[in-house]
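J.: I'd like to go over a predicted model; first the sequence, then the structure.
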Amino acid sequence: MHSVDKALRKVGANPVITSGPEELASADAAVLPGVGASDAVMTALNSLRLTDPVKQFAASGRPLLCICIGLQVLFNSSEEGDLPGLGLVQGKRQTHSTRNERQTWKQDESSPHGWNEVHFTHGETERNPFSEEYHKVLISIFFTHILCSG
């Protein structure tokens, strides 16, 4: 969380690290970071009574940035765990190699990664908590992942 906090401060945001549903409900934007396994994250969200507040926040249309396992728990389920995810994205989170065993993929297909351009389509700058500097810096991002849904 420290690196996410530092990056957000660098671009002019004032993040608040919290595990309280009240703070989440009143936030302009939120980040759901995470490291670890989906069951551990879902157990923590359930014990902190954040499952419904996260779902409500996502439904509100306010910006929600999900990083790593924070994104993975948005799915209905994960092949790595037994607990259900948040169910905001339909499907089961899988690794690329597992999916390769069940489906026919091209021989030269590899894990999707590399530099890619990010285009911002949200025109309402008043709802965006980030400065214009953020938009200028965040033109190209290096993506690396082996996850897919099925």
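T.: Looks like it came in fine. Numbers count the residues shown, from 1 in each chain.
J.: how about the contacts made by residue 1?
T.: Residue 1 is in contact with 17, 33, counting by CB atoms under 8 Å, 6 or more residues apart in numbering. The way it works is simple: take the backbone N, C-alpha and C, and place the C-beta from them, glycine included.
J.: against residue 89, how distant is it?
T.: 23 Å (CB to CB, to the nearest Å).
J.: can you check residue 42 too?
T.: For residue 42, the distance to residue 89 - CB to CB - is 14 Å.
J.: ok, those two, which is more surrounded?
T.: residue 42 (21 against 16; other CB atoms under 10 Å).
J.: which elements pack onto the strand or helix carrying that one?
T.: According to DSSP states H and E, residue 42 maps onto helix 38-47. Of the remaining helices and strands, those touching helix 38-47 by 3 or more CB pairs under 8 Å, 6 or more residues apart in numbering; DSSP states H and E are helix 51-59, helix 69-72.
J.: may I ask which helix or strand of the chain has the lowest mean pLDDT?
T.: helix 132-137 (a mean of 46; mean pLDDT, DSSP states H and E).
J.: make sure residue 92 is indeed in a helix.
T.: No: using DSSP: H, G, I helix; E, B strand; the rest coil, the secondary structure at residue 92 is strand, not a helix.
J.: now do it against residue 47, distance only.
T.: Taking CB to CB, one finds residue 92 at 24 Å from residue 47.
J.: more neighbours: those two, which one.
T.: Neighbour count, other CB under 10 Å: between residue 92 and residue 47, residue 92 has more, with 15 against 10.
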